[in-house]
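Participant: Need a 3D model of the sequence below.
(2 chains, ligands or ions: 1)
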Amino acid sequence: MERCAPVLNRSLHALFAERADVILLGEDLLDPYGGAFKVSAGLSTKFPDRVLTTPISEAAIVGVAGGLALRGLRPIVEIMFGDFTTLAADQIINHLAKFRGIYHGQVSCPVVIRTPMGARRGYGPTHSQSLEKIFLGIPGLTVVAPSRHHELGELLRRAVVDSTDPVLFIENKAMYAQPHEPPVAGRVAEFSTRTTADRFPTLTFSLNDFAPPDLTIATYGGMTPLALQAALELAMEHELFAEIIVPSQLSPLPTAELLTSLSASRRLLVAEEGTLTAGWGAEVVARLMDTADFPFASARVAAANSIIPTSRPLEDAMLPQPADLIAAAIKLTSSPRR
Amino acid sequence: MSPETLAPLHARMVLIRTFEESVLALFAQGELFGTTHTCLGQEAVAVGVLSQVTRDDVVFSNHRCHGHYLALFDDPAGLMAELMGRTTGLCGGVGGSQHLHRENFYTNGVQGGIVPCAAGMALAEKFKKTGRIAVVFLGDGTLGEGVVYETLNLASLWQLPLLFVVEANGFAQSTPTALQLAGSITQRAAAFGLRTAEGDGNDLAAVATLAADAVAYVRRETKPFWLVLNTYRLGPHSKGDDHRPAEELLRAHERDPLARLCARVTAPAIAAAKTDARARIAAAIAAARVAPFPTAAA
Ligand SMILES: Cc1ncc(C[n+]2csc(CCOP(=O)(O)OP(=O)(O)O)c2C)c(N)n1
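Facilitator: Numbering: from 1, shown residues only, chains lettered A, B, ... in the order given. As a prediction, this is how the structure comes out:
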């Protein structure tokens, strides 16, 4: 099985070959280095005029990409670490995401900002965060964070060619080295899967062929393998069947699959790698509360409210683990279904 | 500058002056939304610089953008309707005073942020080999924003056809330049390897000459240029927020770019320009008043 980083790399190569209006900007992109995580490797050799290695100027390069997009090109920006999206926040929020709206729909600004987020690789407090929650709910901005079970290359392609607004495309750092394993004939290992027809699809995983689940787990990105592992253990050790819903689009949040699953399970567990407060999970729970016409119980699992330590045991302790999901699931299912 | 060249530029400056005075009056009457930034006293920069570009060139302006728009498009009706939040505004009333777009003209009201966007536009035109240039307007106060220097570096490094126009009007909102800016404005850009020029932004002919040279250089060499125009904001920063001493304002009026043209334009021409501007702006206001407000989409 191919690892996720080379899958994304192949997708970029295909995009560059397919379209002459695609331009990549970012730090340290040139071969032989090929970007800090090698997702951009080989592009500067094959398409030297369309790969711009930049100074360490996150705000300016995102702004430049905005200008390129307003003038008809399809720029992709690589931000070396997701932690540094903060430096480009003004460009993303007050410029790129705004242009189409403030100019009354007379322009489009299709910029894709690719960036690795997430921990579990020992990069420490300022190179491991999951900051995507800062960018949720910005009108005009789509936030996509695929898991290793999504069609990564196709999602990236759609972000670049099928968008009129900017897309923040979050690539989980741990995922880069993991095998890319999209569903084959509706299955991933022990799980049956369902994939929505959305531009950025939601995956649903079930261990009992979509029979009504005991609980619904909502998660995304790099937490997905941990949630699937927890679901296996819950089924085998505790006879609890979870349905796992994994949107690839975090914002705006698609709720249809979540609602369907939750209407049967009436128990929602949300798991994310970022910190708890005002996280994606808070939005998921609140949104389902607003829209569900039935009662349900909910719990959230997230990182501890601290910096991300570099030392492995401390990093592990700070981050949500499968055991945390299992404990939360057992607690959630210990009271009768609402 | 020949009288034939001068007359329409002078008339456009009168139009901008009259427009901006009307905007302040409409605010006082409660007919406008939110805030606005008028360019009273800076008309020579708008008209002088933008008389030297073509409609194909890209212009990115900032919060103080009415004069730039009117210099390019001579469309007080579309702008007034935009300020009055009507469907007939050039952005359907959505953008308002600081968020305008038409053809190759764009504005945004976040200080500094437009500068890299304009660089991206210059890069796009260079990439597409259109021969167009981009122009970006920034105030001296905006030189406090770091992204301006990121962009100066990129523009020089990548040889972007980008003309920076610094309107040094002496203030950043309430703060005089001396309290917010160290060192030299021109040397900042020179340090990045840009060619620079500085001149009197209240002298229409001087502005036009400097801008013509700068535009020609940017187009010919495909390189950035940093043009600093010293001017003075005669009106309030936005609506009524003016705490400057009366003597200072009196002295500033002696440098008024329109007053300085009086000797070069005939009295009947001045009177005609004023009458025409007043009539067009009155018509623009009247038309906007009866135009529908947008309705929220379902
Ligand atoms: C990033 C940012 N900070 C603060 C403001 C509020 N603000 C609007 S205009 C202005 C002063 C700008 O000064 P300058 O660049 O000299 O332009 P001028 O207003 O003098 O034309 C300020 C502080 C803003 N719009 N954007």
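Participant: gap between the strand or helix carrying B:T18 and the chain center?
Facilitator: Element membership for B:T18, per DSSP states H and E: helix B:3-28. Chain-centre distance of helix B:3-28: 13 Å, with Cα atoms, centre = their mean, to the nearest Å.
Participant: That one packs against which elements?
Facilitator: Applying 3 or more Cβ pairs under 8 Å, 6 or more residues apart in numbering or on different chains; DSSP states H and E, one finds that helix B:3-28 contacts helix B:43-50, helix B:66-73, helix B:76-83, helix B:204-221, helix B:267-290. Yep, even glycine has a C-beta here, placed from its N, CA and C like the rest.
Participant: what does the stretch 201-338 of chain A put close to the ligand?
Facilitator: Within the stretch 201-338 of chain A, no position lies close to the ligand (Cβ under 6 Å from any ligand atom).
Participant: Now the helix holding B:T18: average pLDDT?
Facilitator: For helix B:3-28, mean pLDDT rounds to 96.
Participant: got the angle for that helix vs helix B:66-73?
Facilitator: 140 degrees (axes from the mean of the first three to the mean of the last three Cα atoms, to 10 degrees).
Participant: Show me which residues of helix B:3-28 are buried.
Facilitator: B:6-7, B:9-24, B:26-27 (16 or more other Cβ atoms under 10 Å in any protein chain shown).
Participant: check whether that helix contacts the ligand.
Facilitator: No. On the criterion Cβ under 6 Å from any ligand atom, helix B:3-28 is out of touch with the ligand, staying 12.7 Å away.
Participant: So which residue is dead centre in the chain?
Facilitator: No chain specified, so I'll use chain A. A:A145 (1.4 Å; Cα atoms, centre = their mean).
Participant: sorry, should have said chain B
Facilitator: B:H68 (3.8 Å).
Participant: wait, doesn't A:M223 sit right on A:P322?
Facilitator: No. With contact defined as Cβ atoms under 8 Å, A:M223 does not count as touching A:P322 (9.8 Å).
Participant: These two: which has the busier surroundings?
Facilitator: A:M223 (31 against 20; other Cβ atoms under 10 Å in any protein chain shown).
Participant: Which secondary structure elements does the top strand by length along chain A sit against?
Facilitator: Identified as the longest strand of chain A according to DSSP state E is strand A:267-275. Strand A:267-275 sits against strand A:215-218, helix A:280-291, strand A:297-303, helix A:322-334, with contacts defined as 3+ Cβ pairs under 8 Å, 6+ apart.
Participant: what mean pLDDT does it have?
Facilitator: Rounded mean pLDDT across strand A:267-275 is 98.
Participant: What parts of the stretch 101-250 of chain B come near the ligand?
Facilitator: B:109-111, B:139-142, B:169, B:171-173, B:233, B:237.
Participant: Can you flag the buried ones in the residues you listed?
Facilitator: B:G109, B:V110, B:Q111, B:G139, B:D140, B:G141, B:T142, B:N169, B:F171, B:A172, B:R233, B:H237.
Participant: ok, so of the residues you listed, who is nearest B:M121?
Facilitator: Distances from B:M121 to these, taken as Cβ to Cβ, are shortest for B:V110 (16.4 Å).
Participant: and the stretch 101-250 of chain B, which residues reach chain A?
Facilitator: B:101, B:106, B:108, B:110, B:113-125, B:127-128, B:134, B:146-147, B:150-151, B:153-154, B:157-158 (Cβ under 8 Å from any Cβ of the partner chain).
Participant: How about the secondary structure of the closest residue to the ligand within the stretch 51-200 of chain A?
Facilitator: Using Cβ to the nearest ligand atom, the closest approach of the stretch 51-200 of chain A to the ligand is made by A:D90 at 7.2 Å. Following DSSP: H, G, I helix; E, B strand; the rest coil, we place A:D90 in the helix state.
Participant: Neighbours of it, how many?
Facilitator: 19.
Participant: pLDDT weak spots in the chain?
Facilitator: This is for chain A. Scanning chain A for pLDDT under 70 picks out no residues.
Participant: look at chain B instead
Facilitator: Scanning chain B for pLDDT under 70 picks out B:298.
Participant: can you pull out the helices in chain A?
Facilitator: A:4-18, A:43-46, A:58-70, A:89-90, A:97-102, A:152-161, A:173-176, A:224-238, A:256-265, A:280-291, A:312-318, A:322-334 (DSSP state H).
Participant: Comparing the ones you listed, which comes out most buried?
Facilitator: helix A:58-70 (a mean of 30; mean count of other Cβ atoms under 10 Å in any protein chain shown).
Participant: now for that helix, which elements pack on it?
Facilitator: By 3+ Cβ pairs under 8 Å, 6+ apart, helix A:58-70 packs against strand A:22-26, strand A:74-78, helix B:114-128, helix B:146-157.
Participant: Using TSV, lay out the ones you listed together with mean neighbour count.
Facilitator: Shown next, in TSV, are the helices and strands packed on helix A:58-70 (neighbours: other Cβ atoms under 10 Å in any protein chain shown):
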stretch	mean neighbour count
strand A:22-26	24
strand A:74-78	27
helix B:114-128	27
helix B:146-157	22
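Participant: and the residue of the stretch 151-300 of chain A found nearest chain B, what is it in contact with?
Facilitator: Closest approach between the stretch 151-300 of chain A and chain B, counting by Cβ to the nearest Cβ: A:P166, at 12.3 Å. By Cβ atoms under 8 Å, 6 or more residues apart in numbering or on different chains, A:P166 lies in contact with A:66, A:69, A:92, A:96-97, A:109-113, A:140-142.
Participant: so A:F241 makes contact with A:A211?
Facilitator: Yes. Using Cβ under 8 Å, A:F241 makes contact with A:A211 at a distance of 7.2 Å.
Participant: before we move on, back to that, with the residues of the stretch 101-250 of chain B next to the ligand in mind, which one is nearest to chain A?
Facilitator: Nearest to chain A out of these is B:V110 (Cβ to the nearest Cβ; 4.8 Å).
Participant: Which residue is the nearest non-sequential neighbour of the residue of chain A at minimum distance from chain B?
Facilitator: Among all residues of chain A, A:G67 sits closest to chain B, at 2.2 Å; criterion: Cβ to the nearest Cβ. Excluding its sequence neighbours, the residue lying closest to A:G67 (Cβ to Cβ, 6 or more residues apart in numbering or on different chains) is B:G120, at 2.2 Å.
Participant: any idea how far the one you found is from B:V147?
Facilitator: 12 Å (Cβ to Cβ, to the nearest Å).
Participant: separation between the residue of the stretch 51-200 of chain A closest to the ligand and A:V143?
Facilitator: Counting by Cβ to Cβ, the gap from A:D90 to A:V143 is 17 Å.
Participant: Restrict stretch B:241-257 to CA atoms and write it as PDB.
Facilitator: Extracted in PDB, the C-alpha atoms of stretch B:241-257 (Å, rounded to 0.1, in the frame of the first residue of the first chain):
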ATOM      1  CA  ASP B 241     -12.900  62.900  14.100                       C
ATOM      2  CA  ASP B 242     -10.600  65.800  13.700                       C
ATOM      3  CA  HIS B 243      -8.600  67.200  16.600                       C
ATOM      4  CA  ARG B 244      -5.900  69.100  14.700                       C
ATOM      5  CA  PRO B 245      -5.300  72.700  15.600                       C
ATOM      6  CA  ALA B 246      -7.100  75.300  13.500                       C
ATOM      7  CA  GLU B 247      -3.800  77.100  12.600                       C
ATOM      8  CA  GLU B 248      -2.300  73.900  11.200                       C
ATOM      9  CA  LEU B 249      -5.400  73.400   9.000                       C
ATOM     10  CA  LEU B 250      -5.300  77.000   7.800                       C
ATOM     11  CA  ARG B 251      -1.700  76.600   6.800                       C
ATOM     12  CA  ALA B 252      -2.500  73.300   5.100                       C
ATOM     13  CA  HIS B 253      -5.200  75.000   3.000                       C
ATOM     14  CA  GLU B 254      -2.500  77.200   1.500                       C
ATOM     15  CA  ARG B 255      -1.100  74.000   0.000                       C
ATOM     16  CA  ASP B 256      -4.500  72.800  -1.200                       C
ATOM     17  CA  PRO B 257      -3.800  71.100  -4.600                       C
END
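Participant: Run through who's touching it.
Facilitator: For stretch B:241-257, with Cβ under 8 Å, 6+ apart as the criterion, the contacting residues are B:13, B:41-44, B:173-174, B:201-204, B:231-232, B:234-236, B:259.
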